[in-house]
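1. could you look at this predicted model? Sequence included:
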Amino acid sequence: MTIDFVQGKLIVKPGRIAPELKEAGGRWDGRAQCWYFPAYSSYAQIVHEMMPSLEVTKTAQQLLEGWGFPSHPIDSDLSVEQQAVWEKLYPYQRDAATFLYSSAFSRPGALLALSPGLGKSAVSMFTAKALGAETVLVVSPLALLATWERESRLWAGRQLNRAYGSEPAEQWTVTNYDTVVRRSGYTRMKWDVVILDESILVKNRDTKRFQAMKLLRASAQRFWLLSGSPTSRYVDDLWAQFHLIDPTAFRSYWRFTNRYCWLEETNWGTNVIASREDRDIQGDFRDVMFVRHQKDVLPELPEYLVEEIVCELTPAQKKAHEELKKDFLTVLESGEEVTADIKLTQLMRMQEVTSSLANIGEPAGASSKHDAIDDMLEAGSFELPAIVWAHWRPGATQLYERLKKTYPELRVSLALGGDQAANELTLKAFVDGEVDLLILSLQVGKFGLTMTNARTVIYLDKTFNADDFIQSRQRVQRIGLDHRPLLITLKCPRTVDQLVEDNLTGKMHSIAKVTNADLVRLLESL
């Protein structure tokens with residue numbers, strides 16, 4: 001009995017029907033008396049674990065060790081102009097470009113998982129040009145359209161034409177996710193290369209966005225996903241992304257999660273509660289996913305200086321926080337099951353109060369965090385330029401108006417969503433040194449931006465979403481950083497801020513999974 005890799009397929013010849021191999025994703029060929037599997041290292045690993053007595057051929061052993069497809073040296077196919085650009089890439093970026101280039105000859109798609117700031121757009125644009133792609137579609141968050149236009153000119157010498165809210169032309173095009181969902185013209189075209197930027201945004205297999213990307217996948221010759229953090233909490237987030245890359249190989253969500261996650265059975269179904277640490281997700285999928293972390297490839301990149309500022313709630317804030325907590329405890333202690341969505345909504349409502357009472361409809365409401373920023377500016381406690389990350393628009397706007405009035409000489413600006421063109425101009429002004437303090441929404445600024453000129457980063461608000469925090473802090477810690485920025489967290493003790501911090505630092509499980517009784521205990525401890 002053998003496991004072999006022949007003509008792009010993984011073949012297992014046990015000479016008998018083996019139900020466990022069907023469960024593992026194999027297809028039985030009665031005439032040839034063998035099982036066929038997609039040719040990925042992960043499948044080779046699964047079969048080898050299930051049937052360790054199988055003889056492994058040399059080619060199958062290579063697959064087992066992650067050498068799933070042959071490498072095609074990209075630099076030998078480059079023009080003189082492209083060779084000059086190639087020389088500008090970092091070594092790890094050349095490895096990433098070679099991975100994408102090689103996969104184009106053997107795989108339906110690939111996931112490029114470079115940490116934020118390592119140049120995913122540069123690598124993908126360069127590789128698309130090297131492949132001679134005539135039609136390229138980039139789908140990205142709305143805030144990054146201008147970034148992609150710039151990166152395409154720089155690394156591919158091609159213009160990405162923005163198609164926001166319109167049908168695409170047969171050329172290199174960049175648009176946002178919602179436009180592809182609304183307009184069928186994108187899925188009717190044939191694309192040489194489709195690139196999904198920040199592919200974590202398609203992790204939910206039950207959304208219209210995911211279904212639209214499946215249709216788009218069918219129209220693409222090559223399908224590349226890019227993400228600085230392709231999982232937000234558990235590795236089951238990868239399944240939807242892998243399914244888009246190769247729907248034949250990654251058919252079953254539950255087969256994937258059974259192997260790579262710990263599951264829990266409840267009255268409402270099966271839930272993922274943790275990723276399995278005994279599984280090597282990067283090793284098993286190294287032939288479909290290229291992963292490099294910032295600390296490994298740029299160890300010399302300066303680290304943040306970290307400071308926590310304690311902000312005691314004002315009496316009005318404390319009263320509002322306690323009332324919301326009391327009401328929520330009444331709901332939790334009623335004996336009825338409280339859904340995860342309701343838990344998060346109630347906790348976020350309490351957090352709004354810790355930021356500013358303006359967030360709950362009191363325009364002139366108190367905010368100890370705003371007071372702290374005011375005091376630090378007056379004392380010169382941090383360097384400019386600075387970024388203030390905010391989650392809620394009313395409080396952020398209140399802070400902006402306060403600073404404009406108190407410090408007329410301070411060049412303060414804000415980008416909180418809405419007018420995309422205005423946001424782009426504001427962000428450019430900050431990067432160009434024309435803004436001293438930028439109040440920036442997590443929704444607008446957490447993806448793709450490079451703001452290495454910031455000396456200080458202040459978190460007015462954080463959220464329970466770890467991805468928000470990771471992405472936002474790495475807008476500053478990127479290639480080109482030549483100083484140690486100061487990261488300041490404003491935190492109100494004995495409030496829901498503590499639960500947010502514990503959730504982000506991994507001191508407790510996802511807040512959505514906390515039971516009613518445990519949540520009561522946590523709230524009463526505040």
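-> On my side now, so go ahead. Numbers count the residues shown, from 1 in each chain.

2. please make it C-alpha for all contacts and neighbour counts, starting now.
-> Fine.

3. how about the strands in the stretch 151-300 of the chain?
-> Assigned by DSSP state E, counting those that start in this stretch, the strands in the stretch 151-300 of the chain fall at 161-162, 172-176, 191-196, 220-226, 261-266, 269-275, 289-292.

4. what's the distance between the nearest residue to Thr248 once chain neighbours are set aside and Val297?
-> Leaving aside its sequence neighbours, Thr248 sits nearest to Pro38 (CA to CA, 6 or more residues apart in numbering; 7.8 Å). Relative to Val297, Pro38 is positioned 31 Å away (CA to CA, to the nearest Å).

5. the two: which is more packed in?
-> Counted by other CA atoms under 10 Å, Pro38 and Val297 do not tie: Pro38 has more neighbours, with 20 against 15.

6. surely that one meets Leu10?
-> Yes. With contact defined as CA atoms under 8 Å, Pro38 reaches Leu10; the gap is 6.0 Å.

7. any idea of the pLDDT on Lys462?
-> pLDDT, Lys462: 87.

8. correct me, but it touches Ala390?
-> Yes. Using CA under 8 Å, Lys462 makes contact with Ala390 at a distance of 7.5 Å.

9. please parse the protein into its domains.
-> If you go by automatic domain parsing, the domain ranges for the chain are 2-64, 75-297, 305-524.

10. for the helix or strand of the chain with the lowest mean pLDDT, what is the distance to the chain centroid?
-> Here the helix or strand of the chain ranked lowest by mean pLDDT, DSSP states H and E is helix 442-445, holding a mean of 71. Taking CA atoms, centre = their mean, to the nearest Å, one finds helix 442-445 lying 13 Å from the centre of the chain it belongs to.

11. quick one: contacts of it?
-> With contacts defined as CA atoms under 8 Å, 6 or more residues apart in numbering, helix 442-445 is touched by Ala143, Trp389, Ala390, His391, Ala415, Leu416, Gly417, Asp468, Ser472.

12. just give the nearest non-adjacent residue to Leu263, would you?
-> Nearest to Leu263 is Val272, by CA to CA, 6+ apart, at 4.6 Å.

13. next, count neighbours for the one you found.
-> Neighbours of Val272 (other CA under 10 Å): 17.

14. that one and Arg259 touch, don't they?
-> No. Using CA under 8 Å, Val272 is not in contact with Arg259, being 11.5 Å away.

15. below-threshold pLDDT in the stretch 351-500 of the chain: ranges please.
-> Along the stretch 351-500 of the chain, the model assigns pLDDT under 70 to residues 445-448.

16. and the strands in it, which stretches?
-> 386-390, 412-415, 437-441, 456-459, 486-491.

17. which of these sits closest to Glu333?
-> Glu333 sits nearest to strand 486-491 of all the strands of the stretch 351-500 of the chain, at 27.5 Å, using CA to CA.

18. who are the packing partners of that closest one?
-> With contacts defined as 3 or more CA pairs under 8 Å, 6 or more residues apart in numbering; DSSP states H and E, strand 486-491 has these neighbours: strand 305-310, strand 456-459.

19. so how far is stretch 182-195 off the chain centroid?
-> On CA atoms, centre = their mean, the centre of stretch 182-195 falls 23 Å from the chain's centre.

20. can you list contacts of it?
-> 124, 128, 133-139, 166-168, 170, 180, 212, 215-226.

21. write the PyMOL selection for whichever of those residues are buried.
-> Buried residues among the contacts of stretch 182-195 (16 or more other CA atoms under 10 Å), as a PyMOL selection:
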select buried, resi 124+128+133+135+136+137+138+139+168+180+212+215+216+217+218+219+220+222+223+224+225+226
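
22. any low-confidence regions in the chain?
-> Checking the chain against pLDDT under 70 turns up 7-8, 66-70, 164-170, 445-448, 506-513.

23. try 50 this time
-> Scanning the chain for pLDDT under 50 picks out no residues.

24. and the contacts of the top helix by length along it?
-> What stands out as the longest helix in the chain, according to DSSP state H, is helix 315-332. Outside of helix 315-332, the residues within contact range by CA under 8 Å, 6+ apart are 338, 346, 349-350, 353-354, 356-357, 366-367, 495, 516-517, 520, 523.

25. buried stuff in that helix?
-> Gln317, Lys318, Ala320, His321, Leu324, Lys325, Phe328, Leu329, Leu332.

26. what about the closest residue to Leu305 other than its chain neighbours, how many residues close to it?
-> Spatially, and ignoring its direct neighbours in sequence, Leu305 is nearest to Leu486 (4.6 Å; CA to CA, 6+ apart). Neighbour count of Leu486, defined by other CA under 10 Å: 19.

27. ok, Leu486 - contacts?
-> Leu486 touches Tyr304, Leu305, Val306, Glu307, Phe382, Arg455, Thr456, Val457, counting by CA under 8 Å, 6+ apart.

28. can we see that at 6 Å?
-> Under the criterion of CA atoms under 6 Å, 6 or more residues apart in numbering, the contact list for Leu486 reads Tyr304, Leu305, Val306, Thr456.

29. so which of those is surrounded by the most neighbours?
-> Counting by other CA under 10 Å, top hit in those: Thr456 with 21 neighbours.

30. so it sits right up against Ala386, yeah?
-> Yes. If you go by CA atoms under 6 Å, Thr456 and Ala386 touch, sitting 4.6 Å apart.

31. which one is Gln82 nearest to, not counting chain neighbours?
-> Per CA to CA, 6+ apart, closest to Gln82 is Ala130, 7.5 Å.

32. quick one: which two of the buried residues of helix 315-332 are the most distant?
-> Checking these with CA to CA, the most distant pair is Gln317 and Leu332, at 22.4 Å.

33. could you tell me how many residues sit around Glu434?
-> 15.

34. from Ala386, how far off is it?
-> Taken as CA to CA, the span from Glu434 to Ala386 is 12 Å.

35. again, but for Leu114
-> From Leu114 to Ala386 the distance is 26 Å (CA to CA).

36. then Val496?
-> For Val496 relative to Ala386 (CA to CA), the value is 26 Å.

37. distance of the residue nearest to Leu263 from Asp341?
-> 16 Å.

38. and Gly15, by the same measure?
-> 51 Å.

39. comparing these two, which residue is more hemmed in?
-> With neighbours defined as other CA under 10 Å, Gly15 and Asp341 compare such that Gly15 has more, 13 against 10.

40. helices along the stretch 351-500 of the chain, start to end?
-> 368-379, 393-406, 420-431, 442-445, 466-473, 496-504 (DSSP state H, counting those that start in this stretch).

41. so for His293, which of the ones you listed sits nearest?
-> Using CA to CA, the nearest of the helices of the stretch 351-500 of the chain to His293 is helix 466-473, at 12.8 Å.

42. counting neighbours, what do you get for the closest residue in space to Asp497 that isn't next to it in sequence?
-> Computed as CA to CA, 6+ apart, the closest residue to Asp497 that is not its neighbour in sequence is Lys491, at 6.1 Å. Neighbours of Lys491 under the rule other CA under 10 Å: 26.

43. so how far is Arg251 from Lys491?
-> Counting by CA to CA, the gap from Lys491 to Arg251 is 44 Å.

44. repeat that for Val272.
-> 18 Å.

45. got it, and Gln471?
-> Distance from Gln471 to Arg251, by CA to CA: 30 Å.

46. higher neighbour count, the two?
-> Gln471 (21 against 16).

47. quick one: that one from Leu160, how far?
-> Following CA to CA, the distance that separates Gln471 from Leu160 is 24 Å.

48. can you check Lys343 too?
-> 43 Å.

49. equivalent analysis for Ser102, please.
-> Taken as CA to CA, the span from Ser102 to Leu160 is 24 Å.
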